[in-house]
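> Here is my input, please return the structure:
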Amino acid sequence: MRKISNKEEAEQFLNEIDIFLLDCDGVLWRGDEVIPDIIDTLKLLRSRNKRIFFVTNNASKSRKSYQKKFSSLGIDCDYHEILNSSFAAAWYLQDIGFKKRVYVIGQDGITEELREVGIESYGGSEDVNKPFDYATFAKNFKAPEDVGAVVIGIDDKFNNYKLATGTHLLRTDPNILFVATNTDACLPYSGGFDFPGAGAFVTSLATASGRQPDMICGKPSQLLLNYVVNKFDLKDRSRVCMVGDRTDTDMLMGNQGNTHTLLVLTGVAKEKDLDTLTDKDQIPKTLIASFGDLYSLTK
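Coordinates of the predicted model:
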């Protein structure tokens, strides 16, 4: 593992990479605070004709809605450059020829991306305020006959009604797909907070249903990486770099996908954690304190 800490090392690294796959939370921002020099680093990459994709496990928003957050933070991007796990879930179902209805445990990002590919869904924000008690639920529950999947992601309005619905669907019909947007344990936020990530909700449903997800669409799954490689007919993965703040998702996906990997220390992972890693696929090829340092070191 090499470290980037001076101009020569930064320039050498930039000369080796053509395509950057950038995680967002913990790499570009924390909460609503942009990490220093990030905007200038992105401008630097574009000025050198580097191709950029924003590859994030955050499924709370659709790509079009997520683009508004980028804009509000002063980051320019096209929504087609955003590849998040709600898009990945919708693309996966479309790719396998899925034609049924989806029950959503999650936020509007999942519902909107499903709609983009013509897949009908229910639940989601519709079930936010539905009360739950065992007797009433058992008496009144009736699922649409054409339900073919439960898709679950991060959900800041998670409740027992949603969990009971997903549990009943998955336990009573083994043909219903169990699709997770991602399994991140926590979500880094400003002020040093780490909040529960999608993995907390996925684990709840897996425990209650007695089933593990049939597909996990976000990192470290190769789904989004393969989407980029196939869509743009990439021949040399060594000139693609996955940049992230997690070893168990970002570095794992990149290393298993034969790309370069760059770990930043502005999010979840800390340098001291690298000494305890036993999975070589989680060890980054390159380390940098902050992705913003690529600008500050080369200016």
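> use CA for all of it now, contacts and neighbours both
Will do.
> Would you map the helices across the chain?
7-16, 38-47, 63-72, 85-95, 108-116, 134-140, 160-172, 198-209, 223-231, 252-256, 293-298 (DSSP state H).
> Could you say which one of those comes nearest to residue 262?
helix 252-256 (9.0 Å; Cα to Cα).
> per-residue confidence averaged over the closest one?
The pLDDT scores in helix 252-256 average 97.
> Contacts for that helix next, please.
With contact meaning Cα atoms under 8 Å, 6 or more residues apart in numbering, helix 252-256 is reached by 219-222, 225, 241-242, 260-261, 281-284.
> Please identify which pair of the residues you listed lies farthest apart.
225 and 283 (18.1 Å).
> got the contact list for residue 112?
Residue 112 touches residue 62, counting by Cα under 8 Å, 6+ apart.
> what about it, distance to residue 106?
Note on residue 112: its distance to residue 106, by Cα to Cα, to the nearest Å, is 11 Å.
> again with residue 131
Using Cα to Cα, residue 131 is found at 17 Å from residue 106.
> Compare the two (neighbour count), which wins?
residue 106 (29 against 12; other Cα atoms under 10 Å).
> Scan the contacts of helix 252-256 and report the most crowded one.
Most crowded among these, counting by other Cα under 10 Å, is residue 261 at 29 neighbours.
> Can you report how many residues lie near residue 137?
14.
> got it, and residue 100?
Neighbour tally, residue 100, other Cα under 10 Å: 15.
> Likewise for residue 42?
So residue 42, with other Cα under 10 Å, has 20 neighbours.
> do the one 3 residues further on as well
Number of residues near residue 45 (other Cα under 10 Å) recorded here: 18.
> same check, this time on residue 192
11.
> Just the endpoints, please. Distance across stretch 8-26?
First residue to last in stretch 8-26 (Cα to Cα) measures 25 Å.
> So for that stretch, what gets flagged as buried?
Across stretch 8-26, burial judged by 16 or more other Cα atoms under 10 Å covers 10, 17-26.
> Can you tell me which of these end up in strands?
Among the buried residues of stretch 8-26, the members found in strands (DSSP state E) are 19-22.
> Contacts only, for residue 245.
23, 26-27, 263-269.
> Looking at those residues, spot the one nearest residue 209.
Using Cα to Cα, the contacts of residue 245 come closest to residue 209 at residue 268, 29.7 Å.
> For residue 184, see how far away the closest one is.
Taken as Cα to Cα, the span from residue 268 to residue 184 is 11 Å.
> which of the two has more neighbours?
residue 184 (23 against 20).
> Now do that one against residue 200, distance only.
8 Å.
> how about the contacts of helix 252-256 in a markdown table, adding distance to residue 212?
What follows is the contacts of helix 252-256, written out as a markdown table (distance: Cα to Cα, whole Å):
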| residue | distance to residue 212 |
| --- | --- |
| 219 | 17 |
| 220 | 16 |
| 221 | 15 |
| 222 | 18 |
| 225 | 23 |
| 241 | 30 |
| 242 | 27 |
| 260 | 30 |
| 261 | 28 |
| 281 | 23 |
| 282 | 23 |
| 283 | 26 |
| 284 | 28 |
